[in-house]
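S.K.: Whatever this is, show me its structure:
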Amino acid sequence: DLIVTAGNDGQFRRLVDVLGVPELADDPRFAHNEDRTANRDELRPLLVERLATRTKLEWFREIIAAGVPCGPINTIDQGVAFAEEVGLDPVVEVGDGDRRTPTLRHPLRFSDSEPRYRLPPPRLGEHGAEIRRWLAEPWPPRPADDPAGGAP
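M.R.: You can find the predicted model right below:
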């Protein structure tokens, strides 16, 4: 599957040109965004029919090159492979020794605040006691010196 977001008339015209059905841009049912929205049930099968003729990655490359936002919908392994293909480094290893585990890198990067990967994913039940204790605490937390127990 592929998500295509031709959000304006110019992008739609470029999309249908890439798909090989340029006449759709001049069809009164689809000429403007509001027309395409009103006639979505008629337009969608026409686009899906064209998109079904090639793989999502083949279409992705051409549609992006035409300036129309789109992206493939991937499984995790396909997403990792795709991220590597476009020059990203999607996997990071966290933890030490036998706890060292590959995991997905955070997708957003900022120049001044890189994400930190200090801890590996917890083992099954590893933090269960702490979580149950936390869940048993009253909410909102009451100060210890409040004789009313925080009640109004």
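
S.K.: CA atoms for contacts and neighbours, from now on please.
M.R.: OK.

S.K.: What are the buried residues along the one helix or strand residue 63 maps to?
M.R.: For residue 63, the host element (DSSP states H and E) is helix 56-65. Buried residues in helix 56-65, defined by neighbour count with 16 or more other C-alpha atoms under 10 Å: 56, 59, 60, 63.

S.K.: which other residues reach the strand or helix carrying residue 79?
M.R.: For residue 79, the host element (DSSP H and E) is helix 76-85. Residues outside helix 76-85 that contact it (C-alpha atoms under 8 Å, 6 or more residues apart in numbering) are 89, 90, 91.

S.K.: and which of these is nearest residue 46?
M.R.: residue 90 (35.0 Å; C-alpha to C-alpha).

S.K.: correct me, but the closest one touches residue 105?
M.R.: Yes: using C-alpha atoms under 8 Å, residue 90 is in contact with residue 105, at 5.1 Å.

S.K.: any low-confidence regions in this protein?
M.R.: Scanning the chain for pLDDT under 70 picks out 142-152.

S.K.: residue boundaries of the helices in it?
M.R.: 9-19, 33-38, 40-51, 56-65, 76-85, 128-136 (DSSP state H).

S.K.: Specify the stretch among these that is closest to residue 109.
M.R.: Using C-alpha to C-alpha, these put helix 76-85 closest to residue 109, at 14.1 Å.

S.K.: what angle do that closest one and helix 56-65 make?
M.R.: Per axes from the mean of the first three to the mean of the last three C-alpha atoms, to 10 degrees, the angle that helix 76-85 makes with helix 56-65 is 40 degrees.

S.K.: May I have helix 76-85 as CSV, with CA atoms only?
M.R.: Output of helix 76-85 as CSV, limited to C-alpha atoms (Å, rounded to 0.1, in the frame of the first residue of the first chain):
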residue,chain,number,x,y,z
ILE,A,76,8.5,-3.1,10.5
ASP,A,77,11.1,-5.1,8.5
GLN,A,78,10.1,-3.3,5.3
GLY,A,79,10.2,0.0,7.1
VAL,A,80,13.8,-0.7,8.3
ALA,A,81,14.9,-1.7,4.8
PHE,A,82,13.2,1.4,3.3
ALA,A,83,14.8,3.7,5.9
GLU,A,84,18.2,2.2,5.1
GLU,A,85,17.6,2.6,1.4
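
S.K.: how about that helix: buried residues?
M.R.: For helix 76-85, the neighbour count (16+ other C-alpha under 10 Å) marks 80, 82 as buried.
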